[in-house]
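1. sequence and predicted structure, then a few things I'm wondering about:
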Amino acid sequence: MVTINKIWKLLEQVYDPEIPVLTVVDMGVVRHINPFGYGVEVVITPTYSGCPAMKSIEFNIIAELEANGIHPVKVTTVLSPAWTTDWMSEEGRRKLKEYGIAPPIPGTNAKRIEALFAEAPQPECPHCESKETKLISQFGSTACKALYQCNSCKEPFDYFKCH
């Protein structure tokens, strides 16, 4: 018998294809685990509606669980409630910063960011930790990131957008 705790541990081995230092658990995209018979349903919420990484994530979840003897595996995508960066783990935020991506500012609301982008709190530079940063582009290397530059060390960096 496979426990829900074991399934969570296995999901900690499934990495985001766009940010390979983060797992699906770090990202907070796994909403529920529903065991049935010998199998399991994993309920996920995409970080963005239409996120191109979600099909890879779904495939990798199924592959990881089946490789560990769990079968059948069903992955269900739900869009409501919408994913928020507040669902990211503290470990995930730490990993982002170490990877060179400024983590989302906790508790920041996407609608507030979009409406008041110029007044939003500035992300801290992941390289030198300066709070003197400026927005270069609302889109970085992927749609879920914005491109910033540090005014202190002059290095550009991605910021994982709040939403």
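-> Nice, thanks for sending it over.

2. which residue comes closest to Asp26 once chain neighbours are left out?
-> Gly92 (3.1 Å; Cβ to Cβ, 6 or more residues apart in numbering). (Glycine included, C-beta is placed from N, CA and C.)

3. could you do Lys161 as well?
-> That would be Ala146: by Cβ to Cβ, 6+ apart, it lies 5.3 Å from Lys161.

4. name the SS class of Ala63, please.
-> helix (DSSP: H, G, I helix; E, B strand; the rest coil).

5. count of neighbours near it?
-> 12 (other Cβ atoms under 10 Å).

6. how near is it to Ser56?
-> Applying Cβ to Cβ, to the nearest Å, the value for Ala63 to Ser56 is 10 Å.

7. and for stretch 93-102, what's in contact with it?
-> Residues outside stretch 93-102 that contact it (Cβ atoms under 8 Å, 6 or more residues apart in numbering): 19, 21-22, 26, 103-104, 106, 123-127, 133, 145, 148, 157-160.

8. looking at the residues you listed, which are in helices?
-> Asp26 (DSSP state H).

9. for stretch 35-52, which positions count as buried?
-> For stretch 35-52, burial by neighbour count (16 or more other Cβ atoms under 10 Å) applies to Val40, Val42, Ile44, Thr45, Pro46, Thr47, Cys51.

10. same thing with stretch 143-162?
-> Buried residues in stretch 143-162 (16+ other Cβ under 10 Å): Cys144, Lys145, Ala146, Tyr148, Gln149, Cys150, Phe157, Asp158, Tyr159, Phe160, Lys161, Cys162.

11. report pLDDT for the third one.
-> According to the prediction, Ala146 has pLDDT 91.

12. backbone dihedrals for Val40, please?
-> Backbone torsions for Val40, taken as degrees, to the nearest 10, come to phi -150, psi 150.

13. follow-up on the earlier one: okay if I get the buried residues of stretch 143-162 as CSV plus distance to Ala82?
-> Shown next, in CSV, are those (distance: Cβ to Cβ, whole Å):
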residue, distance to Ala82
Cys144, 13
Lys145, 18
Ala146, 19
Tyr148, 24
Gln149, 29
Cys150, 30
Phe157, 26
Asp158, 21
Tyr159, 20
Phe160, 16
Lys161, 13
Cys162, 12
